[in-house]
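1. Sequence below, structure please.
(one chain, ligands or ions: 1)
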Amino acid sequence: MSAQTITRRLTQADLAKLHQAGDKIVMFTCYDASFARLLDGTGVEALLIGDSLGNVVQGHDSTLPVTVADIAYHTAAVKRGSERAFILADMPFGSFQESPELAFRNAVALMAAGAQMVKLEGGREMAATVRFLVDRGIPVCGHIGLTPQSVHALGGYKVQGKGEAAAQRLKDDALALQQAGATMLVLEAIPAVLAGEVTAALAIITIGIGAGRDCSGQVMVVHDAFDIPPGKKAKFVRNFMADGGSIADAAARAVAAVKDGSYPGPEHSYTA
Ligand code: KIV
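-> Here you go, the predicted structure:
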């Protein structure tokens, strides 16, 4: 199956079919209708309204101040701007950790704004919440490895899953989230080999960011991939504007590079 031939909005089932066919899934973060329209036309399969909007849109130094209302506002804009991409919305800090019921209420607000799936950070400690949401009709994407909402607990934005014990913990978290009903899992800033092992051990889709090429797909923060503002970025970022042309050209290059496996390369990946 080629996702390129589907002209309606992609569903969770379409993404699962792509995954089963071994086709890499391309996801971008997106926060507004104009970028949604541009990315939608380039073959991108999924748009994530990430709480990274706290950094790249609102100018904060972390994702912690982002609210459910912020994510809902930007989700509605992305939905209006796109016709085809699958839409995921991030559950911001404090919107889901306290109880499954609180998570459900906030997830409902994001689904009502246009999301088809919500993403939440955390491992096995979030399994009961994931199960609660999934049992009530809300598809869930987990997010493990570097979880930016825990930046202060982690002591900074550091690569996770290094060393045998940490790697085993991460694998156990991944399995717990799959078992709880998550159908997608973001793996952020972990060694490439570990991400490959986690992906091989799971039936669900893994989406890497700083997790090497052996994930089922990749997510790129749109401002990073297009070098906005210009300057030094994390090791895993490739500047797709470096070859010139328009943002649409750069987005097409990014889609092609993920699809053909040339991004991320070893130079964008972490070792154990
Ligand atoms: O908020 C975000 O942009 C994210 C991605 C980095 C996965 O969570």
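2. Could I get the buried residue list for the helix or strand harbouring residue 107?
-> If you go by DSSP states H and E, residue 107 is part of helix 100-113. By 16 or more other C-beta atoms under 10 Å, the buried positions in helix 100-113 come out as 100, 103, 104, 106, 107, 109, 110, 111, 113. For glycine as for every other residue, the C-beta is placed from the backbone atoms N, C-alpha and C.
3. For whichever residue of the chain sits closest to the ligand, give me its contacts.
-> The chain approaches the ligand most closely through residue 50 (2.4 Å), counting by C-beta to the nearest ligand atom. By C-beta atoms under 8 Å, 6 or more residues apart in numbering, the contact list for residue 50 reads 29, 31, 90, 119, 221.
4. Now do the phi/psi pair for the third one.
-> In this case it means residue 90. Dihedral angles of residue 90 (phi, psi; degrees, to the nearest 10) stand at phi -80, psi 140.
5. quick one: which of the buried residues of helix 100-113 is nearest residue 6?
-> Nearest to residue 6 out of the buried residues of helix 100-113 is residue 111 (C-beta to C-beta; 21.6 Å).
6. mind checking pLDDT for the closest one?
-> On the pLDDT scale, residue 111 is placed at 98.
7. ok, now residue 272?
-> pLDDT, residue 272: 89.
8. and it, what does it touch?
-> Residue 272 touches 161, 162, 163, 167, 191, 193, 194, counting by C-beta under 8 Å, 6+ apart.
9. In helices only, show me those residues.
-> Per DSSP state H, helices hold the following members of the contacts of residue 272: 167, 193, 194.
10. Contact partners for the second one?
-> Contacts for residue 193 were tallied using C-beta under 8 Å, 6+ apart; they are 212, 271, 272.
11. Just send those residues back as a markdown table, with distance to residue 204 and secondary structure too.
-> As requested, these are exported to a markdown table (distance: C-beta to C-beta, whole Å; DSSP: H, G, I helix; E, B strand; the rest coil):
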| residue | distance to residue 204 | secondary structure |
| --- | --- | --- |
| 212 | 18 | coil |
| 271 | 25 | coil |
| 272 | 23 | coil |
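12. For residue 199, which non-adjacent residue is spatially closest?
-> Leaving aside its sequence neighbours, residue 199 sits nearest to residue 206 (C-beta to C-beta, 6 or more residues apart in numbering; 4.4 Å).
13. Which residues does the helix or strand hosting the one you found contact?
-> Here residue 206, judged by DSSP H and E, is contained in strand 205-209. For strand 205-209, contacts defined as C-beta under 8 Å, 6+ apart pick out 15-16, 19, 25, 27, 141, 174, 183-189, 195, 198-199, 214-221, 236, 264.
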